[in-house]
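>>> Test case, fold it:
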Amino acid sequence: MTKPLTVLAVDDEVPALDELAYLLGRHPGIGEVFRAGDATSALRELNHRRIDAVFLDINMPGLSGIELAGVLAHYAQRPAIVFVTAHDDKAVAAFDVGAVDYLLKPIREDRLDEAVRRVTSARPAEEAAPERDDAESDVVPAELGGITHLVPRASIGWVEAEGDYARLHSASGAHLVRIPLSTLESRWRDHGFQRVHRSYLVALRFVTGLRTVDGAVLVRMRANGASPGIELPVSRRQARELRDRVVRTPMRSLRPGGADE
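Coordinates of the predicted model:
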């Protein structure tokens, strides 16, 4: 028996989102339905749970549906994309970004059935790949001045705790996100990040060395684009594990001031 789909409905208009979520929720092939009112909220949902398919409006403030689909194309295990729109002039662009279907509003039941069938048919190949935790996606959405910045995880040198928030220090600058440092620590550990202090999480690929000053251990971080090099404190209980992991990290990644290879 085919496992019911977990889907995400995305629309910036509340009545349209309510209607879409209702139609999806009553479909027998769909198990759970999550909702998002814009692309930033959609990325947060995708970063917190496994989603099989995104039913996505095209015209939205901030990132459009087409742009969001382009971001999802970089995911290691991408959810299926079904565009849901009142406009019929974006179909070519929609299929150019890999959409499996294109539904016009108001949604007909037979067309929704067909879209769900196409999503279900696309699942076997994806499920054959190792299951991926979408909470560990390759980009982190961060808002600054009303603009959504998509910060690649690979560009982040270190993360600093600020209460229930975390400040990402990346090649594009510093970005504040509403994610506790402890959450990022558990999600990113297998992606080369190490908690070094109650206030800091570092990317091992940007570590250039460790030194001890008056009994205190400091970790040196190389410059990272817009972020300058810095030394961060290391707690006693984290020092040994940090040393062990740094030693296991390929030395080409630790070349001071060097570019990634």
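>>> Mind listing residues that contact stretch 97-114?
Applying CB atoms under 8 Å, 6 or more residues apart in numbering, the set of residues contacting stretch 97-114 from outside is 16, 19-20, 23-24, 27, 53, 55, 66, 69-70, 73, 78, 80-86, 88, 90-91, 94-95, 115, 118-119, 122. Quick note: C-beta positions are derived from backbone N, CA and C, even for glycine.
>>> one more time with 7 Å, if that's ok
When contacts are taken as CB atoms under 7 Å, 6 or more residues apart in numbering, the neighbours of stretch 97-114 outside the stretch itself are 23, 27, 66, 69-70, 73, 80-86, 88, 91, 94, 115, 118-119, 122.
>>> Now do the SS call for Arg35.
Each residue gets one of three states, and Arg35 gets strand by DSSP: H, G, I helix; E, B strand; the rest coil.
>>> Can I get whatever helix or strand Arg245 lives in in CSV, CA atoms only?
In this assignment (DSSP states H and E), Arg245 forms part of helix 236-248. Presented in CSV, the C-alpha positions along helix 236-248 are these (Å, rounded to 0.1, in the frame of the first residue of the first chain):
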residue,chain,number,x,y,z
ARG,A,236,37.0,22.9,28.5
ARG,A,237,34.6,20.1,27.9
GLN,A,238,34.5,20.9,24.1
ALA,A,239,38.2,21.3,23.6
ARG,A,240,39.2,17.6,23.3
GLU,A,241,36.4,16.8,20.8
LEU,A,242,37.2,19.9,18.8
ARG,A,243,40.8,18.8,18.5
ASP,A,244,39.9,15.3,17.5
ARG,A,245,37.5,16.5,14.8
VAL,A,246,39.9,19.1,13.5
VAL,A,247,42.6,16.4,13.1
ARG,A,248,40.1,14.3,11.1
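>>> Pull out the buried residues from it.
By 16 or more other CB atoms under 10 Å, the buried positions in helix 236-248 come out as Gln238, Ala239, Leu242, Val246.
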